[in-house]
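1. Give me a 3D structure for the following:
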Amino acid sequence: MSRSDFKRQFRSHSSPVTRRTSLFQAIHLDATLLGCLFVLVSVGLFVLYSASGENMGTVMRQVTRIIIGLVVMMIMAQIPPHSYKRWSPWLYAIGIGLLIGVLVLGTQAKGAQRWLPLPGGVRFQPSEVMKLIMPMMVSWYLAERALPPQWKPVLASAVLIIFPTLLIAKQPDLGTSLLIASSGVFALFLAGLRWRVIGGLVLALIPTSTGAWFLMRDYQKQRVLTFLDPESDPWGTGWNIIQSKTAIGSGGLEGKGWLNGTQAHLDFLPESHTDFIIAVLAEEFGLLGVSALLVLYFFIIARGIFIATNAQDTYSRLLAGSITLTFFVYIFVNIGMVSGILPVVGVPLPFVSYGGTSIVTLFAGFGVLMSVQTHRKLLSQ
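-> Sure, this is the predicted structure:
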């Protein structure tokens, strides 16, 4: 039998797993990443049912948003990375325009002006879209220049990052502004930023962060003070974090069991189905449950890093890497603020917390990751 005949026979007897993988590749979906996301959103719905007080209506609204997010992810995955690269500056300009529109025409809720009104009573939050546009723009700018970047491209990238960050911080939305800034900084870091440049930027941030205290609003200053000493006002500003720590600690190793948590079900824990949902998970499933969730997050992040490492061009590598590392920041900040090691900034736990625009944005980001991976495979064949 000749070598070509052997290859044809081998392909004709390929395993079902290979055929399934080829099908996912044909529709530009990464099977490994999709499977991890499916497990994660399933766990999220399971926990949300308990955290919402067994409210099936809340769960079904979350399911609707997940379905919308999946559709958006599939659409984003069909678009090749070179198209994202070509559109990046235009998307950035549109995003800046929308952020300015929020400050001029936006609607207010709970003291914040973050939304643009749309027909039919729908509200749109442009800052969520900037979480994806920001790494696209910085990656586009750096991909066209020599790497590692020198001071001039670094300063230009800093301007691209700072301008929308300040617009969002003015809404005010400190949590989202930090996430958007980090997504741009990660693209800059992955471009091979020299350590002496990093050191210079860190030194520049010291007086900047000190001066930022005087620009913060009263409630933002209070969050920092509460973080430093939550027991100073246990019945007021310190209530959330104290109850969160109580829920986490009471879960022990194995937890109290599903639907048996007391902090959320007896309304001691505010925002139990949104920002503080991992405290519910810790109380009902204990350290083992939280560890299992962290392992799942680890696999998703590892897959994202693998995709970024194997990307075919600089733009795709920077974009995929920054999206993955920003996803890590989501997780770190949420768990950090719920456990008391970071101030409360209102960052949801990805795919677990109840939310709308944030879930769709996360799915869109993973759609871009799948585009980078699947189009690379097709080009390499």
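2. Counting neighbours, which bits of the top helix by length along the chain end up buried?
-> For the chain, the helix with the greatest residue count under DSSP state H is helix 277-309. Neighbour counts over helix 277-309 (16 or more other C-beta atoms under 10 Å) mark 277-286, 289-290, 293, 296-297, 300-301, 303-304, 306-308 as buried. From N, CA and C alone the C-beta is placed, and that goes for glycine too.
3. chain center to it, what's the gap?
-> 13 Å (C-alpha atoms, centre = their mean, to the nearest Å).
4. Where does pLDDT dip in the protein?
-> 1-22, 109-111, 120-121, 201, 204-234, 236-237, 377-381 (pLDDT under 70).
5. Find the centremost residue of it, please.
-> F327 (3.9 Å; C-alpha atoms, centre = their mean).
6. quick revisit: for the longest helix of the chain, which helices and strands make contact with it?
-> helix 31-51, helix 239-251, helix 314-339, helix 357-380 (3 or more C-beta pairs under 8 Å, 6 or more residues apart in numbering; DSSP states H and E).
7. Select, out of those helices, the one closest to L70.
-> Between L70 and these, the shortest gap by C-beta to C-beta is with helix 357-380, which sits at 6.2 Å.
8. Beyond the lengthiest strand in the chain, next helix or strand please.
-> The single longest strand within the chain, with elements called by DSSP state E, is strand 112-118. Note on strand 112-118: by DSSP states H and E, the next helix or strand toward the C-terminus is strand 122-124.
9. So which residues make contact with that next one?
-> Strand 122-124 is contacted from outside by T107, W115, L116, P117, L118, T357, using C-beta atoms under 8 Å, 6 or more residues apart in numbering.
10. Tell me the one of those residues nearest V333?
-> T357 (17.5 Å).
11. Could you find the closest non-adjacent residue to that closest one?
-> E128 (4.3 Å; C-beta to C-beta, 6 or more residues apart in numbering).
12. What strand or helix carries the one you found?
-> Using DSSP H and E, E128 falls within helix 126-143.
13. circling back to that earlier point, present the contacts of strand 122-124 as a markdown table; the columns should include neighbour count and distance to G261.
-> Listed next are the contacts of strand 122-124 as a markdown table, based on neighbours: other C-beta atoms under 10 Å; distance: C-beta to C-beta, whole Å:
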| residue | neighbour count | distance to G261 |
| --- | --- | --- |
| T107 | 12 | 35 |
| W115 | 20 | 32 |
| L116 | 18 | 37 |
| P117 | 12 | 37 |
| L118 | 9 | 37 |
| T357 | 19 | 28 |
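14. Tabulate these in a markdown table, adding columns for distance to E54.
-> Formatted as a markdown table, these follow (distance: C-beta to C-beta, whole Å):
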| residue | distance to E54 |
| --- | --- |
| T107 | 32 |
| W115 | 30 |
| L116 | 34 |
| P117 | 33 |
| L118 | 32 |
| T357 | 25 |
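15. and which of the residues you listed is nearest to S88?
-> T357 (20.8 Å).
16. My guess is the closest one contacts M130. True?
-> No - using C-beta atoms under 8 Å, T357 makes no contact with M130, being 11.3 Å away.
17. could you list every residue that touches the residue nearest to the centre of the chain?
-> I300, I301, G304, P350, L362, G365.
18. Between these, which sits nearest I241?
-> P350 (20.6 Å).
19. Contact partners for P119?
-> So P119 contacts nothing (C-beta under 8 Å, 6+ apart).
20. correction: S88
-> With C-beta under 8 Å, 6+ apart, S88 has these contacts: I133, M136, M137, S139, W140.
21. just how off-centre is stretch 347-367 within its chain?
-> 7 Å.
22. got the buried residues for stretch 127-147?
-> Buried residues in stretch 127-147 (16+ other C-beta under 10 Å): 127-143.
23. Please disregard the earlier target; I meant stretch 147-165.
-> Result for stretch 147-165 [16+ other C-beta under 10 Å]: buried residues P149, P153, V154, S157, A158, L160, I161, P164, T165.
24. one step back: how about the contacts of S88 in CSV, adding distance to L318?
-> Formatted as CSV, the contacts of S88 follow (distance: C-beta to C-beta, whole Å):
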residue, distance to L318
I133, 14
M136, 9
M137, 11
S139, 4
W140, 9
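25. re the thing from before, so which of the helices and strands packed on helix 277-309 comes closest to R86?
-> Here helix 314-339 is closest among the helices and strands packed on helix 277-309 (C-beta to C-beta), at 10.0 Å.
26. picking that back up, what separates the longest strand of the chain from the chain centre, distance-wise?
-> 21 Å.
27. what lines up beside it in the sheet?
-> strand 107-109 (antiparallel), strand 122-124 (antiparallel) (DSSP bridges).
28. I'd like to know which of the ones you listed lies nearest to Q25.
-> Closest among the strands paired with strand 112-118, using C-beta to C-beta: strand 122-124, at 33.4 Å.
29. so how far is G175 from the closest residue to G336 other than its chain neighbours?
-> With sequence-adjacent residues excluded and distances taken as C-beta to C-beta, 6+ apart, G336 is closest to L342, at 3.5 Å. According to C-beta to C-beta, to the nearest Å, L342 and G175 sit 11 Å apart.
30. just K85 next, same as before
-> 29 Å.
31. who's more crowded, these two?
-> Comparing K85 with G175 by other C-beta atoms under 10 Å, the one with more neighbours is G175, at 22 against 19.
32. Identify each buried residue in the one helix or strand that one maps to, please.
-> Under DSSP H and E, the secondary-structure element containing G175 is helix 174-190. Applying a neighbour-count criterion of 16+ other C-beta under 10 Å, one finds 174-188, 190 buried in helix 174-190.
33. Y315: which of those is nearest?
-> Set against Y315, the nearest of these by C-beta to C-beta is A187 (9.7 Å).
34. could you measure the closest one against D30, distance?
-> From A187 over to D30 (counting by C-beta to C-beta), the distance is 21 Å.
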